[in-house]
Structures are given as C-alpha cells and as structure tokens.
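Below are the sequence and a predicted model for it; my questions follow.
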Amino acid sequence: MVKLMLTIETLEIPDYEKVIVAKDPSVMLHCIIVVHSTKLGPSLGGVRIFPYSSENDALEDALRLAKAMTYKTALCKIGIGGGKSVIIADPKTGKTPSLLQAFGKVVDLLKGSYIVAEDVGSTPQDLLFIRESTPYVAALPTNYSSGDPSRFTAWGVVRGLQAVAMTLWGSTSLKGRSIAIQGLGHVGSNLAEMLFWQGADLILCDLDAERTTRFCHEYSAKQVSPAEYAAVECDILAPCALGGIINPQTIPKLRCLAVAGAANNQLSTPDDAIQLHKRGILYAPDYAINAGGVINATAEFEKTGYKAIEARDQTHLIFETLLQIFAKSKAEDRATSIIADKLAEHNIAAGIGKRSLPIF
Ligand code: NAD
C-alpha cells in the first residue's frame, strides 16, 4: 500500500464552481479537477492525461474543456453539468496504478460533484484503477456499464448530418451525397460504416495512409491526403480527427456546403463560425453534434440501470436540436455557434433538463 502525501490547493476562478490542483509526489501525481457547473446535475468529464509543458497550460485546457462540457450537456438536456480533469503526465510512460488510485482519491473528495470518464490519454483499464478509490466513474469496461461511447457519437453525427441534409435539400436522405471524413479512428470508422449503409458517397482521410486505403476499398470511397482534406470538393466535410481544422487559412479554400463532424474544437477561434456563416457554409456546432457519447455514458446513471435503447433514442434528438439551431441561425442571420451557445445558456438559466433524481 502506497502512503499518500496528498496536497490540495483550491483556485478561485470566476464563473467556475470549483477548481483544485492536487499533488502527490510519492506517486508522481499532479492533476487539476475543474467543476464548471452543477446547475443541471453533477458534472461529468473525461480525464485527459497529457505531458503539458506547464501547470498553466494544463489549467487553461481543463477550464476550456470543462466549460464546453457544460454547454454540451445543457444542450442535450441530460441532467448533467460540465467538468474535466487533467493529469500532467506522459500517458505512455507516466501512468501507474498507484498514480491512478491516488487520482481516484482526489475525485472522491469532491463527493460526486465530479464524475470521471475516459478522454485523450486515458483508457478503460485506467478507469478500473481509478474506480478502486472512488465510485464516481462512468463508462467502465464492465457488463453493467455503457461501454465504448464512439458508436453513439457516430450515430449522433449521422443524425446531425440528416439535419444538415434536411436544411440544405429538404430531405433527411444522405443517398448520393458526398461526405468527406477526416480521421478513421473510433468515431470516424463507425461513421464511415453507418454512412455507407445510408447510401452516401464517401471520401476518406487519415494520417495512416494504409488504413485509409483499406477503408476506401471496403466502402468504394475516394481517398484524400490530410494536406488536401480541407479543400476537397464535397457536399459535407465531417472532421473526426483533431481540433482546429477550420481556421483562417482553410476557410477560403473550403469547397463544401456544410461542416458537420465529431471532432472537438473544430474551429480555431469563435470568429471562424462567423466566417463560415458569411460564406454560406452550414456549420453544425461540434458540441451539439458530437454529444452521442456523453448521452450514452449518462444513461448509466438511471435507477433501472444502463439501457442502450434509451441512450440511442436520446441520441436521436440531436437531429431536432440541430434543426432548431439551423432554423434560428437563418431567421436571425447569425452564426450557428452563437445560436447554440445562447440555447445552452438559456437551458442552464431556466433549469431545463435539470436532474430530478440522484444518480445511481
Ligand atoms: P481516435 O484517436 O480514435 O481517432 C482519431 C483518428 O484521427 C486517428 O485514426 C488518427 O490517425 C486520425 N488523425 C489525426 N490527425 C489527423 C489528420 N491531420 N488528418 C487525418 N487524420 C488524422 O479518436 P476518436 O475517439 O475517434 O475521436 C475523434 C474526434 O472526435 C476527437 O476530436 C474527439 O475529441 C472527438 N469526440 C470523440 C468522442 C468519442 O466518443 N470517442 C466523443 C465526442 C467527441
């Protein structure tokens, strides 16, 4: 048994409910947990394990991601608030069971106001170690849990693409529409399969060229290199890799009618959404279209236990939410991201979707 030498510092940050920095040199733990908002329910957010160059960088990332979780969960009305945690460590070399158990103790100190899940750098196995110190863990790799969120994220993106199709062409059908997917990882590969069966014409792209070629063969898709992705001619760009693909350099080159994919932080700055709007390119705000995974994880908290069918039906609603955002954007002639933010803020202020029962 490792003897913990835990120190906790609380930071006062305006608009954030709780921010703590915890260190335990005996297990090389240096982490930050951010609870942005619990107005609609306990905060949920993944633990990112990354070798940040400074505590300040880690803090900035955690604050940004926790706030984005609040907006994402508020928009889909699932009785959950926004939080995030980061562990400053190299996920390849710096993760040990004792570090993860010590992190679990820090999560436990927050008494359920923060629930941890998987994120960049953490794995389902890591969650099992964290679970040894706290019950406040979602999406564990067990038979009772909600499991891999990416199928649900991909299905939510399909529903979002159908909302795009309805808005652009008056029908939800994606048959014969050219859709360019960047990133064939957990979400992108599931999305490619779902869209193939919906009759879409796929254009595929991944850093791993061999993987891309294999998927292109499987779905009779066209291949595009990462360097050419943003400028590829298509109906819809579906970014499912890393953030920042929409930026002042790529926006003038875009040859698509819409941008709608799973990647978090697709825009390099909020102004990019305004530029897309000015160019007449329909943008599905990333946190609105990629909420399927968090919807699925939240389905674990029901008294009757996790039911995939309920998570699926809740994920369906991404379609209605996006239709509402697109219609309001058109009526008010404002960028879709501004409309989505306002809608989320309205839900939080009015308590819409607030959790009435405790989590189980
Ligand atoms: P992943 O790591 O499984 O896959 C990412 C893929 O993108 C990899 O195959 C990688 O090779 C590829 N890639 C990276 N940079 C690229 C580039 N420049 N060009 C082409 N391909 C590139 O990740 P994931 O779980 O599939 O998540 C994808 C995105 O969706 C991320 O931005 C993630 O934050 C977001 N997201 C995921 C989920 C989920 O359920 N997994 C939920 C919400 C949002």
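It's in.

Counting neighbours, what do you get for Asn143?
7 (other CB atoms under 10 Å). Any C-beta I mention is one placed from the backbone N, CA and C, and that applies to glycine too.

now Ala241
Residues near Ala241, counting by other CB under 10 Å: 22.

before we move on, what SS does it have?
coil (DSSP: H, G, I helix; E, B strand; the rest coil).

Quick one, grab the pLDDT at it.
Confidence at Ala241, expressed as pLDDT, is 96.

Helices of the stretch 1-150 of the chain, residue ranges please.
Using DSSP state H, counting those that start in this stretch, the helices of the stretch 1-150 of the chain run over 55-75, 97-109, 124-131, 150-169.

Can I get the second one as CSV, trimmed to CA atoms?
What follows is helix 97-109, C-alpha atoms only, in CSV (Å, rounded to 0.1, in the frame of the first residue of the first chain):
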residue,chain,number,x,y,z
PRO,A,97,-1.8,2.0,-10.9
SER,A,98,-0.8,3.9,-7.8
LEU,A,99,-0.9,7.3,-9.6
LEU,A,100,-4.4,6.5,-10.9
GLN,A,101,-5.6,5.2,-7.5
ALA,A,102,-4.3,8.5,-5.9
PHE,A,103,-6.2,10.5,-8.6
GLY,A,104,-9.3,8.5,-7.7
LYS,A,105,-9.0,9.7,-4.1
VAL,A,106,-8.9,13.3,-5.3
VAL,A,107,-12.1,12.6,-7.4
ASP,A,108,-13.7,11.0,-4.3
LEU,A,109,-13.0,14.2,-2.2
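
on contacts alone, who are the packing partners of that helix?
The helices and strands touching helix 97-109, judged by 3 or more CB pairs under 8 Å, 6 or more residues apart in numbering; DSSP states H and E, are strand 18-24, strand 29-37, strand 81-88, helix 124-131.

Point out the most buried one among these.
strand 81-88 (a mean of 29; mean count of other CB atoms under 10 Å).

re earlier: switch the helices and strands packed on helix 97-109 over to a markdown table; also include distance to the ligand.
A markdown table is the format used below for the helices and strands packed on helix 97-109 (distance: least, CB to the nearest ligand atom, whole Å):
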| stretch | distance to the ligand |
| --- | --- |
| strand 18-24 | 22 |
| strand 29-37 | 17 |
| strand 81-88 | 12 |
| helix 124-131 | 12 |
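
For Glu210, which of those is the nearest?
Glu210 lies closest, by CB to CB, to one member of the helices and strands packed on helix 97-109: helix 124-131, at 26.0 Å.

same for that closest one, what does it pack against?
By 3+ CB pairs under 8 Å, 6+ apart, helix 124-131 packs against strand 43-50, helix 97-109, strand 114-118.

at 7 Å instead, please
Using 3 or more CB pairs under 7 Å, 6 or more residues apart in numbering; DSSP states H and E as the contact test, the elements touching helix 124-131 are helix 97-109, strand 114-118.

Point out the most buried one among those.
Among the helices and strands packed on helix 124-131, highest average neighbours (mean count of other CB under 10 Å) belong to strand 114-118, with a mean of 27.

what about that strand, average pLDDT?
95.

what does that strand rub up against?
Contacts to strand 114-118, defined as CB atoms under 7 Å, 6 or more residues apart in numbering, come from residues 33, 35, 42-47, 83, 85, 107, 124, 127, 130, 136-139, 297.

Stretch 71-81 now?
Residues contacting stretch 71-81 (CB under 7 Å, 6+ apart): 37-44, 70, 82, 287-288, 291, 294-295, 298, 314, 317, 321, 340-341, 343-344, 347-348, 352-355.
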